[in-house]
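[1] following is a predicted model, sequence given first.
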Amino acid sequence: MKVEIWSDLICPFCYIGKRNFEKALGQFSHKDKVEVIWKSFLLNPDMETNPEKNINQYLAEIKGWTLDHAKNMHEHVTKMADKVGLHYDFDRIIVANSLDAHRLIQLAKTKSKGDEAEESLFKAYFIEGKNIAEHSTLMQMGTDIGLKPDEIREMLAGNAFIDAVRNDVKDAEQKGITGVPFFVINGKHAVNGAEPSGIFLKALNDAWEEEKRL
């Protein structure tokens with residue numbers, strides 16, 4: 001079975017959804033038959049990277065909120081993340097455009113390391129407070145998961161994999177996907193959002209049973 005997952009690295013619900021899906025996959029009897037494919041999605045393609053600001057400050061400014069209000073808005077998400085073992089730190093999250101990070105994931109996918117790249121970048125952004133738009137950060141993260149430094153350097157220096165990112169975004173548009181995370185199992189069964197693991201497990205089982213009947 002094939003599971004396609006559209007996500008953006010700056011989406012807090014995408015990391016939570018990843019954890020819930022992983023829990024369901026671990027309980028799925030045929031998990032060795034499942035191929036997971038990560039797909040790029042850009043929630044804010046025009047976002048300008050600003051290492052001098054954290055995400056609370058950024059949202060307060062663009063939304064016209066107080067800083068306290070921005071922090072309060074993230075408390076609920078932080079509690080959701082805690083429940084799946086993720087300890088978000090919104091005070092450390094650096095405002096960053098995610099395009100180059102998605103390009104790194106696309107490169108990693110060609111080496112069967114898409115999931116490792118996705119996990120590493122989510123952790124860097126939401127927990128470690130790293131600038132995921134900074135090329136030196138992406139270089140380090142790519143080599144840490146086993147990608148060759150020369151390949152990463154060449155990719156970052158040019159326009160490699162931009163088309164792959166754009167094709168994923170276009171594919172999402174054609175499917176009517178307007179928010180992430182969005183999961184599509186075997187091209188038919190969809191799960192929208194960071195649903196509980198039981199929802200994902202049911203979708204996997206339903207898709208498996210349907211596949212057997214074909």
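    Okay, I see it.
[2] show me which residues of stretch 157-177 are buried.
    Phe161, Ala164, Val165, Asp168, Val169, Asp171, Ala172, Ile177 (16 or more other CB atoms under 10 Å). From N, CA and C alone the C-beta is placed, and that goes for glycine too.
[3] same question for stretch 142-150.
    Under 16+ other CB under 10 Å, the buried positions of stretch 142-150 are Gly142, Ile145, Leu147.
[4] closest to Arg19 among the residues you listed?
    Nearest to Arg19 among the buried residues of stretch 142-150, counting by CB to CB, is Ile145 at 18.5 Å.
[5] can you give me phi and psi for that closest one?
    phi -100, psi 10 (degrees, to the nearest 10).
[6] which other residues reach stretch 194-212?
    By CB atoms under 8 Å, 6 or more residues apart in numbering, the residues outside stretch 194-212 that reach it are 1, 3, 13-14, 16-17, 20-21, 23-25, 27-28, 30, 34, 80, 181, 183, 185-186, 188-189, 191.
[7] residues of that stretch that come out buried?
    Ala194, Glu195, Ser197, Ile199, Phe200, Leu201, Ala203, Leu204, Asn205, Ala207, Trp208.
[8] hey, C-alpha coordinates of that stretch in PDB?
    Listed next in PDB are the C-alpha coordinates belonging to stretch 194-212 (Å, rounded to 0.1, in the frame of the first residue of the first chain):
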ATOM      1  CA  ALA A 194      -3.500  15.400  13.000                       C
ATOM      2  CA  GLU A 195      -6.200  12.900  13.900                       C
ATOM      3  CA  PRO A 196      -5.800  10.400  16.700                       C
ATOM      4  CA  SER A 197      -3.900   7.200  15.900                       C
ATOM      5  CA  GLY A 198      -7.100   5.100  15.900                       C
ATOM      6  CA  ILE A 199      -8.400   7.100  12.900                       C
ATOM      7  CA  PHE A 200      -5.300   6.300  10.900                       C
ATOM      8  CA  LEU A 201      -5.300   2.700  11.900                       C
ATOM      9  CA  LYS A 202      -8.900   2.300  10.700                       C
ATOM     10  CA  ALA A 203      -8.100   4.000   7.400                       C
ATOM     11  CA  LEU A 204      -5.100   1.600   6.900                       C
ATOM     12  CA  ASN A 205      -7.300  -1.400   7.700                       C
ATOM     13  CA  ASP A 206     -10.100  -0.200   5.400                       C
ATOM     14  CA  ALA A 207      -7.600   0.400   2.600                       C
ATOM     15  CA  TRP A 208      -6.100  -3.000   3.100                       C
ATOM     16  CA  GLU A 209      -9.400  -4.900   3.000                       C
ATOM     17  CA  GLU A 210     -10.400  -3.000  -0.100                       C
ATOM     18  CA  GLU A 211      -7.200  -3.900  -1.800                       C
ATOM     19  CA  LYS A 212      -7.800  -7.600  -1.000                       C
END
